[in-house]
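K.L.:
Mind looking at a prediction? Sequence and model below.
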Amino acid sequence: MASNYSPKHFNVTFPQEYVAHVEINRPNQLNAFFEAMWIELGHIFAQLSIDPSVRSIVLSGAGDKAFTAGLDVKAASQGLLSDSSATDSARKAVHLRREVASFQECVSSLEKCEKPVIVVLHGFSLGLAIDLSTAADVRFCAKNTQFAVKEVDIGLAADVGTLSRLPKVVGNFGWVKDVCLTARLFGPEEALRVGFVSQVFDEKAGAVRAAIEHAGLMASKSPIAVQGTKELLNWSRDHTVQDGLRYTQVWNSAALQTGDVQAALLSGIQKRKPTFEKL
């Protein structure tokens, strides 16, 4: 399946075995998103999720200036945010809700993807960049990154993931309210201090290389174990400890029957690198 990717607004490559690299490819517009892009993003991650030749994914942005500057406001003003008077308010609200739900689903495709996703942020990483990165599993960034939750600056509350996920990513509700209510810029040192990013690199190229290497490490593990770990961590984040333990019982009652456990144990005893079947 790894050869069946030909998106229009993204580059999809496979830099090493079992690792996919998805690159937002609209650098002349600071990788700003319009509707066709987020729909395409959702399709890409849905396909990667079930691709047996992929076990981990890196997401980055093309060019030197931005991971993404967020929503293409000009395009949105002519579409999603346009002030159409063609229908009454209730009907317009129904259509807007459907549009927002569709956008949310596309961003959530990173979280729902069965494979771990590492995001590499650089340059302008605004608005939608925060939505996307909080839906991912691990965040790296370059020293030139400028972050902001920009939505209040364009007259709306962030509606595709940041307000729901960012407090759970950093565990600091006061700091989240600060950056969300002011739309102020914050940098890599602050992002690292609050736990928003895991590592900071001198420049983008080094961050991408490190992310691919990190993704390769993930891909070297049992795909059954990695998939289960992501699923159980995401479930437990949104449920009580007891609910998480109960779900783990049910999940592992099936997953523990894999041959990967024996392969991993034997490789440890025999001091060799284990190999695992495709999932």
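P.N.:
Happy to help now that I have it. Numbering: from 1, shown residues only.

K.L.:
any idea how far stretch 235-248 is from the chain center?
P.N.:
Chain-centre distance of stretch 235-248: 22 Å, with C-alpha atoms, centre = their mean, to the nearest Å.

K.L.:
Kindly check the end-to-end length of that stretch for me.
P.N.:
Using C-alpha to C-alpha, to the nearest Å, the end-to-end distance of stretch 235-248 comes out at 9 Å.

K.L.:
now what about it, what contacts it?
P.N.:
Lys168, Leu232 (C-beta atoms under 8 Å, 6 or more residues apart in numbering). For the C-beta atoms, the positions are set from N, CA and C on the backbone; glycine is no exception.

K.L.:
Check which residues of it are buried.
P.N.:
By neighbour count on 16 or more other C-beta atoms under 10 Å, the buried set for stretch 235-248 is Gly244, Thr248.

K.L.:
now stretch 57-67
P.N.:
So, applying 16+ other C-beta under 10 Å, buried residues of stretch 57-67: Ile57, Val58, Leu59, Ser60, Gly61, Ala62, Gly63, Ala66, Phe67.

K.L.:
how about the first one, secondary structure?
P.N.:
Taken by DSSP: H, G, I helix; E, B strand; the rest coil, the conformation at Ile57 corresponds to strand.

K.L.:
Next: the fourth one.
P.N.:
Of the three states, Ser60 takes strand according to three-state DSSP.

K.L.:
I'd say Lys8 and His43 touch.
P.N.:
No: in this structure, Lys8 is not within contact of His43 by C-beta atoms under 8 Å, at 10.8 Å.

K.L.:
Who has more neighbours out of those two?
P.N.:
Legend: neighbour count by other C-beta atoms under 10 Å for Lys8 and His43, higher for His43 (15 against 9).

K.L.:
which residues sit in contact with the more buried one?
P.N.:
Pro7.

K.L.:
and it, what element?
P.N.:
Using DSSP states H and E, His43 maps to helix 35-50.

K.L.:
Roughly how far does the nearest residue to Ala32 once chain neighbours are set aside sit from Leu128?
P.N.:
Nearest residue to Ala32 in three dimensions, chain neighbours excluded: Asp72, at 4.0 Å (C-beta to C-beta, 6 or more residues apart in numbering). Going from Asp72 to Leu128 by C-beta to C-beta, to the nearest Å gives 10 Å.

K.L.:
can you list residues touching both of those two?
P.N.:
In contact with both Asp72 and Leu128: Phe33, using C-beta under 8 Å, 6+ apart.

K.L.:
shaky segments in the chain?
P.N.:
Across the chain, the stretches falling below the confidence threshold (pLDDT under 70) are 1-3, 76-86.

K.L.:
Helices of that one, start to end?
P.N.:
35-50, 73-77, 89-112, 128-135, 162-170, 173-182, 188-194, 204-219, 223-237, 241-255, 260-270 (DSSP state H).

K.L.:
Tell me which of those lies nearest to His122.
P.N.:
helix 204-219 (4.0 Å; C-beta to C-beta).

K.L.:
Show me what counts as buried in that closest one.
P.N.:
Lys204, Ala207, Val208, Ala210, Ala211, Ile212, His214, Ala215, Gly216, Met218, Ala219.

K.L.:
Show the contacting residues for the closest residue to Lys8 other than its chain neighbours.
P.N.:
Among residues not flanking Lys8 along the chain, Glu40 sits closest, at 6.5 Å (C-beta to C-beta, 6+ apart). Contact partners of Glu40, counting by C-beta under 8 Å, 6+ apart, are Pro7, Lys8, His9, Phe10.

K.L.:
Which of those residues are buried, as a PyMOL select command?
P.N.:
Buried residues among those (16+ other C-beta under 10 Å), as a PyMOL selection:
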select buried, resi 7+9+10
